[in-house]
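Novice: Structural data only, the sequence is not supplied:
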């Protein structure tokens, strides 16, 4: 059974493409690189979620032009829930 973790912060790259901007994600007691977070979702070790606009949104793996990235399921909140999170310290 996957452990559900809330993502509360991210580290961004300097790229403008939203599909390539997240370098790592973090929360209470964890910080994973993008590749580690993708792998943990794909093997079923973790499920991630985040908050935005008072709503909870699950984080999923998506693919754009052959590159995997993290995104939230569409919850109608803009801007993107993940990209709007503060930077991890």
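Specialist: Thanks, I have the structure now. Only a predicted model underlies this, so the values are computations on that prediction, with no experimental measurement involved.
Novice: can you pull out the strands in this structure?
Specialist: 3-6, 9-12, 22-27, 30-33, 46-52, 55-64, 67-72 (DSSP state E).
Novice: Which among those strands is found nearest to residue 84?
Specialist: strand 46-52 (6.4 Å; CB to CB). In this view, the C-beta of every residue, glycine as well, is placed from N, C-alpha and C.
Novice: and that closest one, what other elements does it pack with?
Specialist: Where contact means 3 or more CB pairs under 8 Å, 6 or more residues apart in numbering; DSSP states H and E, strand 46-52 is packed against strand 3-6, helix 34-42, strand 55-64, strand 67-72.
Novice: Of the ones you listed, which is nearest residue 13?
Specialist: Closest among these, using CB to CB: helix 34-42, at 9.2 Å.
Novice: what's the average pLDDT for that closest one?
Specialist: Mean per-residue pLDDT for helix 34-42: 97.
Novice: Give me the buried stretch members for it, please.
Specialist: Counting neighbours by 16 or more other CB atoms under 10 Å, one finds that the buried residues in helix 34-42 are 34, 37-38, 40-41.
Novice: With distance to residue 88 added, can I get those residues in CSV?
Specialist: Conversion of the buried residues of helix 34-42 to CSV gives the following (distance: CB to CB, whole Å):
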residue, distance to residue 88
34, 12
37, 12
38, 17
40, 17
41, 18
